[in-house]
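In: Got a sequence here, can you model it:
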Amino acid sequence: MNSDISVVIPLYNKAAEIASAIESVLAQKSAPLEIIVINDGSTDCSPDIVRGYASRGVRMISQPNGGVSAARNNGARAARGRYIAFLDADDRWRPEYLAKITELQKLYPDCGAYAAAFDIASGDKIIPNKHPECEGIVEDFFREAMSSYICQPSATVIAKEALAAVGGFPEGMKIGEDLYLWIRLADRYRICFTPQPLVIYSRTASNRSVGIYTPEKTDFSFEELYRPEENGSMRNEYIARCAIGKALTLSAKGDTAFGLRTERFFSYTKLYKRGWHKLHILNRIPPRMRPAVHTFYNRLAWAIARKGF
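Out: Numbering: from 1, shown residues only. A predicted model of the protein is given here:
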(Lines give C-alpha, C1' and ligand atoms only; values in the text may rest on other atoms or scores of the structure.)
Protein backbone atom coordinates (compact mmCIF):
# COMPACT_ATOMS: atom_id res chain seq x y z
CA MET A 1 0.00 0.00 0.00
CA ASN A 2 1.60 3.28 -1.13
CA SER A 3 0.89 6.65 0.45
CA ASP A 4 1.06 10.33 -0.49
CA ILE A 5 3.71 10.91 2.14
CA SER A 6 7.22 12.21 1.47
CA VAL A 7 9.81 11.38 4.11
CA VAL A 8 12.32 14.11 4.97
CA ILE A 9 15.39 13.25 7.06
CA PRO A 10 17.64 16.16 8.13
CA LEU A 11 21.24 14.99 8.46
CA TYR A 12 24.21 16.50 10.24
CA ASN A 13 27.09 14.24 11.29
CA LYS A 14 25.06 11.14 12.17
CA ALA A 15 27.30 8.41 10.76
CA ALA A 16 26.51 6.09 13.66
CA GLU A 17 22.73 6.38 13.30
CA ILE A 18 21.64 7.35 9.77
CA ALA A 19 21.56 3.81 8.36
CA SER A 20 19.22 2.65 11.12
CA ALA A 21 16.88 5.57 10.45
CA ILE A 22 16.77 4.89 6.70
CA GLU A 23 16.30 1.15 7.21
CA SER A 24 13.31 1.85 9.45
CA VAL A 25 11.69 3.80 6.60
CA LEU A 26 12.45 1.13 4.02
CA ALA A 27 10.87 -1.45 6.34
CA GLN A 28 7.51 0.35 6.46
CA LYS A 29 4.46 -1.76 5.64
CA SER A 30 3.08 1.26 3.80
CA ALA A 31 5.80 2.55 1.51
CA PRO A 32 6.27 6.34 1.32
CA LEU A 33 6.13 8.24 -1.94
CA GLU A 34 9.81 9.17 -1.60
CA ILE A 35 12.68 9.45 0.87
CA ILE A 36 14.69 12.67 0.90
CA VAL A 37 17.77 13.17 3.07
CA ILE A 38 18.87 16.78 3.51
CA ASN A 39 22.60 16.80 4.17
CA ASP A 40 23.04 19.92 6.30
CA GLY A 41 26.76 20.41 5.74
CA SER A 42 27.92 17.17 7.38
CA THR A 43 31.67 16.82 7.89
CA ASP A 44 31.72 13.10 8.72
CA CYS A 45 31.08 10.10 6.46
CA SER A 46 27.30 10.09 6.90
CA PRO A 47 26.65 11.44 3.36
CA ASP A 48 28.64 8.50 1.95
CA ILE A 49 26.39 6.13 3.89
CA VAL A 50 23.31 7.80 2.41
CA ARG A 51 24.72 7.52 -1.11
CA GLY A 52 24.83 3.77 -0.59
CA TYR A 53 21.02 3.81 -0.50
CA ALA A 54 20.57 5.61 -3.84
CA SER A 55 19.71 2.35 -5.61
CA ARG A 56 16.88 1.85 -3.10
CA GLY A 57 15.25 5.17 -3.93
CA VAL A 58 16.83 7.42 -1.30
CA ARG A 59 17.57 10.90 -2.65
CA MET A 60 20.07 13.22 -0.99
CA ILE A 61 20.14 17.00 -1.25
CA SER A 62 23.15 18.82 0.18
CA GLN A 63 23.16 22.34 1.58
CA PRO A 64 25.58 24.51 3.59
CA ASN A 65 25.03 24.05 7.32
CA GLY A 66 21.95 26.07 8.21
CA GLY A 67 20.43 24.17 11.11
CA VAL A 68 17.70 21.59 11.44
CA SER A 69 14.82 23.99 10.72
CA ALA A 70 16.35 25.09 7.42
CA ALA A 71 17.01 21.45 6.50
CA ARG A 72 13.43 20.43 7.26
CA ASN A 73 12.01 23.39 5.35
CA ASN A 74 14.21 22.74 2.31
CA GLY A 75 13.20 19.10 2.35
CA ALA A 76 9.52 20.02 2.51
CA ARG A 77 9.89 22.39 -0.45
CA ALA A 78 11.59 19.65 -2.49
CA ALA A 79 8.97 17.02 -1.56
CA ARG A 80 6.30 15.89 -4.01
CA GLY A 81 3.91 14.43 -1.45
CA ARG A 82 0.82 16.06 -0.01
CA TYR A 83 2.15 15.19 3.46
CA ILE A 84 5.63 15.43 4.97
CA ALA A 85 6.86 12.85 7.47
CA PHE A 86 9.92 14.17 9.27
CA LEU A 87 12.39 11.73 10.80
CA ASP A 88 15.50 12.84 12.68
CA ALA A 89 18.55 10.87 11.63
CA ASP A 90 19.05 9.33 15.06
CA ASP A 91 15.45 8.17 15.55
CA ARG A 92 13.56 5.34 13.89
CA TRP A 93 10.06 4.12 13.09
CA ARG A 94 8.36 0.86 13.84
CA PRO A 95 7.10 -0.86 10.64
CA GLU A 96 3.45 0.10 11.14
CA TYR A 97 4.00 3.85 11.50
CA LEU A 98 3.18 5.14 8.02
CA ALA A 99 0.33 2.66 7.59
CA LYS A 100 -1.28 3.94 10.78
CA ILE A 101 -0.82 7.56 9.74
CA THR A 102 -2.42 6.80 6.36
CA GLU A 103 -5.34 5.19 8.19
CA LEU A 104 -5.78 8.28 10.35
CA GLN A 105 -5.71 10.52 7.28
CA LYS A 106 -8.66 8.60 5.84
CA LEU A 107 -10.60 8.61 9.12
CA TYR A 108 -9.87 12.22 10.03
CA PRO A 109 -9.27 14.20 6.82
CA ASP A 110 -8.27 17.85 6.67
CA CYS A 111 -6.09 17.85 9.77
CA GLY A 112 -2.93 19.90 9.78
CA ALA A 113 -0.87 17.16 11.41
CA TYR A 114 -1.06 13.49 12.38
CA ALA A 115 1.02 12.35 15.33
CA ALA A 116 1.83 9.08 17.10
CA ALA A 117 3.09 8.23 20.55
CA PHE A 118 6.77 7.39 20.87
CA ASP A 119 9.00 5.38 23.14
CA ILE A 120 12.37 6.61 24.36
CA ALA A 121 15.60 4.72 23.70
CA SER A 122 18.04 5.31 26.55
CA GLY A 123 21.14 3.20 26.07
CA ASP A 124 19.92 -0.33 25.46
CA LYS A 125 16.55 0.27 27.14
CA ILE A 126 13.25 1.24 25.50
CA ILE A 127 11.13 3.26 27.90
CA PRO A 128 7.45 4.21 27.35
CA ASN A 129 6.72 7.92 27.19
CA LYS A 130 3.74 9.73 28.68
CA HIS A 131 1.06 10.52 26.10
CA PRO A 132 -2.74 10.92 25.74
CA GLU A 133 -4.69 7.67 25.76
CA CYS A 134 -7.39 8.51 23.21
CA GLU A 135 -7.10 8.24 19.43
CA GLY A 136 -8.53 10.82 17.09
CA ILE A 137 -8.76 14.60 17.01
CA VAL A 138 -7.10 16.25 20.01
CA GLU A 139 -9.89 18.38 21.43
CA ASP A 140 -7.69 20.81 23.38
CA PHE A 141 -4.12 20.63 22.14
CA PHE A 142 -2.67 23.11 24.63
CA ARG A 143 -4.30 21.51 27.66
CA GLU A 144 -3.13 18.04 26.64
CA ALA A 145 0.36 19.26 25.76
CA MET A 146 0.84 20.77 29.21
CA SER A 147 1.13 17.30 30.73
CA SER A 148 2.09 14.93 27.90
CA TYR A 149 3.65 14.79 24.46
CA ILE A 150 1.37 14.99 21.45
CA CYS A 151 3.72 16.06 18.65
CA GLN A 152 7.41 15.26 18.27
CA PRO A 153 9.27 15.83 14.98
CA SER A 154 10.03 12.18 14.23
CA ALA A 155 6.50 11.16 15.20
CA THR A 156 4.49 13.77 13.30
CA VAL A 157 3.34 13.91 9.68
CA ILE A 158 2.37 17.42 8.56
CA ALA A 159 0.23 18.46 5.62
CA LYS A 160 2.55 20.29 3.23
CA GLU A 161 -0.03 23.02 2.68
CA ALA A 162 -0.42 23.58 6.43
CA LEU A 163 3.34 23.69 6.96
CA ALA A 164 3.69 26.37 4.30
CA ALA A 165 0.74 28.35 5.67
CA VAL A 166 2.36 28.74 9.10
CA GLY A 167 5.77 29.58 7.67
CA GLY A 168 7.52 26.26 8.25
CA PHE A 169 9.96 25.60 11.07
CA PRO A 170 11.49 28.78 12.57
CA GLU A 171 14.92 28.98 10.96
CA GLY A 172 17.76 29.96 13.26
CA MET A 173 15.96 28.71 16.39
CA LYS A 174 18.02 25.82 17.72
CA ILE A 175 16.11 24.86 20.87
CA GLY A 176 12.33 24.59 20.93
CA GLU A 177 11.91 25.06 17.18
CA ASP A 178 9.49 22.14 17.04
CA LEU A 179 7.43 23.45 19.98
CA TYR A 180 7.17 26.82 18.23
CA LEU A 181 5.81 25.10 15.13
CA TRP A 182 3.27 23.00 17.05
CA ILE A 183 1.84 26.19 18.57
CA ARG A 184 1.50 27.80 15.15
CA LEU A 185 -0.13 24.67 13.72
CA ALA A 186 -2.53 24.17 16.63
CA ASP A 187 -3.67 27.78 16.30
CA ARG A 188 -4.98 27.11 12.79
CA TYR A 189 -5.48 23.37 12.29
CA ARG A 190 -6.82 20.28 13.95
CA ILE A 191 -4.25 17.80 15.23
CA CYS A 192 -4.88 14.04 15.09
CA PHE A 193 -3.14 11.60 17.45
CA THR A 194 -2.77 7.88 18.00
CA PRO A 195 -1.55 6.47 21.33
CA GLN A 196 0.15 3.57 19.55
CA PRO A 197 3.92 3.96 20.24
CA LEU A 198 5.15 3.63 16.65
CA VAL A 199 8.29 5.76 16.91
CA ILE A 200 11.51 5.34 18.87
CA TYR A 201 13.17 8.56 19.97
CA SER A 202 16.84 8.30 20.87
CA ARG A 203 17.66 10.15 24.07
CA THR A 204 21.34 9.22 24.03
CA ALA A 205 22.21 9.49 20.34
CA SER A 206 25.28 11.44 19.31
CA ASN A 207 25.22 15.09 18.31
CA ARG A 208 21.88 16.17 19.79
CA SER A 209 21.36 19.89 19.21
CA VAL A 210 20.97 20.71 22.90
CA GLY A 211 24.35 19.18 23.65
CA ILE A 212 26.20 21.21 21.00
CA TYR A 213 24.24 24.44 21.37
CA THR A 214 25.71 27.66 20.04
CA PRO A 215 24.00 31.08 20.35
CA GLU A 216 20.93 31.48 18.18
CA LYS A 217 20.65 34.00 15.37
CA THR A 218 16.94 34.29 14.77
CA ASP A 219 14.04 36.72 14.92
CA PHE A 220 11.68 34.00 16.16
CA SER A 221 10.78 33.77 19.84
CA PHE A 222 8.08 32.38 22.11
CA GLU A 223 7.40 35.90 23.34
CA GLU A 224 5.88 36.85 19.98
CA LEU A 225 3.33 34.03 20.32
CA TYR A 226 1.96 35.30 23.65
CA ARG A 227 -1.52 36.85 23.50
CA PRO A 228 -2.13 39.32 26.36
CA GLU A 229 -5.85 39.43 25.56
CA GLU A 230 -6.01 35.71 26.48
CA ASN A 231 -4.65 36.13 30.00
CA GLY A 232 -4.87 32.84 31.89
CA SER A 233 -5.56 30.75 28.79
CA MET A 234 -4.11 27.27 28.43
CA ARG A 235 -2.42 28.44 25.25
CA ASN A 236 -0.46 31.13 27.09
CA GLU A 237 0.41 28.64 29.82
CA TYR A 238 1.81 26.21 27.28
CA ILE A 239 3.85 28.95 25.65
CA ALA A 240 5.29 29.84 29.06
CA ARG A 241 6.19 26.20 29.68
CA CYS A 242 8.00 25.97 26.34
CA ALA A 243 9.83 29.25 26.83
CA ILE A 244 10.92 28.49 30.38
CA GLY A 245 12.15 25.03 29.40
CA LYS A 246 14.30 26.60 26.69
CA ALA A 247 15.59 29.32 29.03
CA LEU A 248 16.67 26.71 31.57
CA THR A 249 18.99 25.18 28.98
CA LEU A 250 20.39 28.53 27.88
CA SER A 251 20.84 29.81 31.42
CA ALA A 252 22.69 26.61 32.31
CA LYS A 253 25.02 27.36 29.41
CA GLY A 254 25.71 30.83 30.80
CA ASP A 255 23.20 32.98 28.91
CA THR A 256 22.02 34.89 31.96
CA ALA A 257 20.50 37.72 29.92
CA PHE A 258 18.21 35.33 28.05
CA GLY A 259 17.30 33.56 31.30
CA LEU A 260 16.42 36.78 33.10
CA ARG A 261 14.38 38.10 30.19
CA THR A 262 12.38 34.88 30.03
CA GLU A 263 11.96 34.90 33.80
CA ARG A 264 10.46 38.40 33.68
CA PHE A 265 8.28 37.95 30.60
CA PHE A 266 6.72 34.63 31.61
CA SER A 267 6.30 35.31 35.31
CA TYR A 268 2.55 35.23 34.59
CA THR A 269 2.48 31.43 34.54
CA LYS A 270 0.37 29.75 37.17
CA LEU A 271 0.61 26.14 36.00
CA TYR A 272 4.38 25.99 35.50
CA LYS A 273 5.57 27.83 38.59
CA ARG A 274 7.91 24.96 39.46
CA GLY A 275 9.85 25.51 36.24
CA TRP A 276 9.76 29.28 36.70
CA HIS A 277 11.17 29.02 40.24
CA LYS A 278 13.88 26.68 38.99
CA LEU A 279 14.83 29.24 36.35
CA HIS A 280 14.76 32.02 38.96
CA ILE A 281 17.23 30.09 41.11
CA LEU A 282 19.45 28.99 38.22
CA ASN A 283 19.79 32.57 36.97
CA ARG A 284 21.28 33.55 40.34
CA ILE A 285 23.78 30.73 40.66
CA PRO A 286 27.33 31.53 39.47
CA PRO A 287 27.51 30.55 35.76
CA ARG A 288 30.34 28.07 36.32
CA MET A 289 28.12 26.07 38.71
CA ARG A 290 24.98 26.02 36.58
CA PRO A 291 25.79 23.11 34.25
CA ALA A 292 26.33 20.72 37.15
CA VAL A 293 23.18 21.87 38.97
CA HIS A 294 21.07 21.68 35.82
CA THR A 295 22.44 18.25 34.87
CA PHE A 296 21.81 16.88 38.36
CA TYR A 297 18.22 18.11 38.35
CA ASN A 298 17.53 16.69 34.88
CA ARG A 299 18.99 13.31 35.77
CA LEU A 300 16.95 13.20 38.95
CA ALA A 301 13.77 14.14 37.07
CA TRP A 302 14.50 11.52 34.39
CA ALA A 303 15.11 8.81 37.02
CA ILE A 304 11.85 9.68 38.79
CA ALA A 305 9.88 9.67 35.51
CA ARG A 306 11.44 6.37 34.43
CA LYS A 307 10.62 4.69 37.73
CA GLY A 308 7.12 6.12 37.76
CA PHE A 309 7.49 7.66 41.22
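In: need the contact list for the spatially closest residue to Ile285 that is not a sequence neighbour.
Out: Distances taken as Cβ to Cβ, 6 or more residues apart in numbering place Val293 nearest to Ile285, at 6.0 Å, with adjacent residues excluded. In this view, the C-beta of every residue, glycine as well, is placed from N, C-alpha and C. Contact analysis of Val293 by Cβ atoms under 8 Å, 6 or more residues apart in numbering lists 252, 282, 285.
In: Just confirm the last one is within a strand.
Out: Right, Ile285. No. Assessed with DSSP: H, G, I helix; E, B strand; the rest coil, Ile285 is coil; it does not lie in a strand.
In: List of residues touching stretch 22-32?
Out: Applying Cβ under 8 Å, 6+ apart, the contact partners of stretch 22-32 are 1-3, 5-7, 9, 35, 37, 50, 53, 56, 58, 81, 85, 87, 92-99, 102.
In: Hmm, Tyr238 is touching Ile183, no?
Out: Yes. At 7.1 Å, Tyr238 counts as touching Ile183 under the criterion of Cβ atoms under 8 Å.
In: Out of those two, name the residue with the larger neighbour count.
Out: Per other Cβ atoms under 10 Å, whichever of Tyr238 and Ile183 has more neighbours is Tyr238, with 25 against 20.
In: Assign that one to helix, strand or coil.
Out: Secondary structure, three-state DSSP: Tyr238 is helix.
In: Do you have the helices of the stretch 201-309 of the chain handy? List them.
Out: According to DSSP state H, counting those that start in this stretch, the stretch 201-309 of the chain carries its helices in the segments 234-252, 256-265, 273-282, 290-307.
In: Tell me the buried residues in the host helix or strand of Ala121?
Out: Per DSSP states H and E, Ala121 falls inside strand 113-122. For strand 113-122, the neighbour count (16 or more other Cβ atoms under 10 Å) marks 113-121 as buried.
In: what helices or strands is it leaning on?
Out: helix 97-107, strand 125-128, strand 156-159, strand 191-202 (3 or more Cβ pairs under 8 Å, 6 or more residues apart in numbering; DSSP states H and E).
In: Format the ones you listed as TSV; extra columns: mean pLDDT and mean neighbour count.
Out: Output for these, formatted as TSV (pLDDT from 0 to 100; neighbours: other Cβ atoms under 10 Å):
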stretch	mean pLDDT	mean neighbour count
helix 97-107	97	19
strand 125-128	90	12
strand 156-159	98	25
strand 191-202	97	21
